[in-house]
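S.K.: have a look; sequence and predicted model below, questions after that.
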Amino acid sequence: MIRGSLARVSWRFVRFVSGLALSSVVGMAAANTPDDEAYEQAQASIRAQDWQDAIDRLEALRRAYPQHAGALLDLAILYCNIGNTAKADAALDVLERTFELPPRLAPLIRELRLRRCARADKGTQWSAIFAVGRETNANQGSATRSFSLGSSTAPLYVTLDDEFLPQASTFAAVQLQISRRQ
C-alpha cells in the first residue's frame, strides 16, 4: 500500500483541476452514473492517502470508461507523485492526444512534465487552512413558534420557548499541517 504526502503538487489544486477536467473536457454526465460512483470511490481513496487503491480504482474506471478525462488526469498526477514517470508521461500523452484540453489545464500538465516526477528536496513543508462561517439555524430549531396537536375539533395549541426556535452560531476552524522530508 502506498501512503504519504503529495509534496510536489498541491492536492487541493489537483482536485480543483481534476474537477475542471471533468466538466470542461468531457461534460457532465447524468448524476449517480456508475462512473460517477467509481470516481467518487477513487477520490475517497485519494483523500485517505491510499494511493495504490486510488490508482487501482482509476485504472479500472479508465478500462470501463475510456473517455473519463478526470480519471486519466488523476492517474497522471498519482503516478508522478509516487515516482512512476513513465506511466505519468503515458497518461499525459493519452490525455493530450484524446481530449481537447481547456487552456487552464496547461500549467498543471507543463509542471508535471517539467518536474519529471522528481522527489521533492529534503526540508519542511507546511500548509495552513483557516475557515470561518455562520449558520443561521445551528440548533435545527422550528421555523414556527406555535402549532397545534390533535384533531381539528379539539386542538391543543403549543407555543415553543425561544430555545426551540432557530439559533444562529458562528464557527472558526484552523488546520495546520507540517511535514518534514528526511
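M.R.: Nice, I can see it. Worth saying up front: this structure is predicted, and the values here are computed from it rather than measured.

S.K.: tell me which stretches of this structure form strands.
M.R.: 123-135, 146-149, 156-159, 169-181 (DSSP state E).

S.K.: strand partners (parallel or antiparallel) of the third one?
M.R.: Pairing partners of strand 156-159, with direction, according to DSSP bridges: strand 146-149 (antiparallel).

S.K.: follow-up on the earlier one: now render the strands of the chain as JSON lines, adding mean neighbour count, mean pLDDT and distance to R104.
M.R.: For the C-beta atoms, the positions are set from N, CA and C on the backbone; glycine is no exception. Shown next, in JSON lines, are those (neighbours: other CB atoms under 10 Å; pLDDT from 0 to 100; distance: least, CB to CB, whole Å):
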{"stretch": "strand 123-135", "mean neighbour count": "10", "mean pLDDT": "81", "distance to R104": "22"}
{"stretch": "strand 146-149", "mean neighbour count": "10", "mean pLDDT": "87", "distance to R104": "52"}
{"stretch": "strand 156-159", "mean neighbour count": "9", "mean pLDDT": "90", "distance to R104": "56"}
{"stretch": "strand 169-181", "mean neighbour count": "10", "mean pLDDT": "81", "distance to R104": "26"}
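
S.K.: report the residue spans of the chain with pLDDT below the cut-off.
M.R.: Filtered on pLDDT under 70, the chain yields the residue ranges 1-34, 116, 118-123, 180-182.

S.K.: one more time with 80, if that's ok
M.R.: 1-35, 115-126, 178-182 (pLDDT under 80).

S.K.: contacting residues around the residue nearest to N139 when sequence neighbours are not counted?
M.R.: Closest residue in space to N139, ignoring its immediate chain neighbours: Q167 at 4.5 Å, by CB to CB, 6 or more residues apart in numbering. Residues in contact with Q167, defined by CB atoms under 8 Å, 6 or more residues apart in numbering, are 137-139, 141.

S.K.: again, but for C117
M.R.: Applying CB under 8 Å, 6+ apart, the residues contacting C117 are 8, 79-81, 83-85, 88.
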